[in-house]
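> show me how the following folds:
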Amino acid sequence: MGLKDEKKIKKSQTCPFQEAMDLISGKWTMSIINTLMAGKMRFKELERSVVGINTRMLVKELKQLENRKIISRKAFATMPPTVEYSLTEKGTSLKPVLVEIQAWAMQNVV
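Now for the predicted structure:
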C-alpha cells in the first residue's frame, strides 16, 4: 500500500468529533449562529449584531456556513437588493450546544 492509499484511508476514517469541531471552530462561527438563534436577519443587522466582525469576514463566514448547510440565504428582488439569513434545521440543532457552552462560560470564565 502506497502513501496515497494510506492518506485516503485516514481521510475516510476521520473522527466525527473532529469533523464537528472543524465545522464550528471559526472565530466568528458560533457568534453568527448564536445571533441567528433570535430569528431571520438581514446582512446589515447581522453586521451590527456580531460585535467586532468586519464586512469582508462576515461575507466569508456566511458563505462557509451556507455551504455547510448551517444557514440559509434568501435574496429578494428589491432595490437595493435585500438578503435575509436564517438558521437551517441543522443550524438550529446547535442550540443545546450553545446553551451548554454559555452555561459553562458563566460558571468558569466570567
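> all strands of this protein, in order?
41-42, 71-76, 82-87 (DSSP state E).
> list the helices and strands the first one packs on?
When contacts are defined as 3 or more CB pairs under 8 Å, 6 or more residues apart in numbering; DSSP states H and E, strand 41-42 sits against strand 82-87. The C-beta positions use only the backbone N, C-alpha and C, and glycine is treated the same way.
> also the last one?
Under the contact definition 3+ CB pairs under 8 Å, 6+ apart, strand 82-87 sits against helix 29-36, strand 41-42, helix 43-49, strand 71-76.
> what pairs with it, parallel or antiparallel?
Strand 82-87 sits in its sheet next to strand 41-42 (antiparallel), strand 71-76 (antiparallel), going by DSSP bridges.
> closest one to residue 88 among these?
strand 71-76 (5.3 Å; CB to CB).
> now do the closest one against helix 29-36, angle only.
50 degrees (axes from the mean of the first three to the mean of the last three CA atoms, to 10 degrees).
> for strand 71-76, buried residues please.
71-72 (16 or more other CB atoms under 10 Å).
> Throw the helices and strands packed on strand 82-87 into CSV and include mean pLDDT and distance to residue 17, thanks.
Below are the helices and strands packed on strand 82-87 laid out as CSV (pLDDT from 0 to 100; distance: least, CB to CB, whole Å):
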stretch, mean pLDDT, distance to residue 17
helix 29-36, 95, 16
strand 41-42, 96, 30
helix 43-49, 95, 28
strand 71-76, 96, 22
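> good, we can wrap up now.
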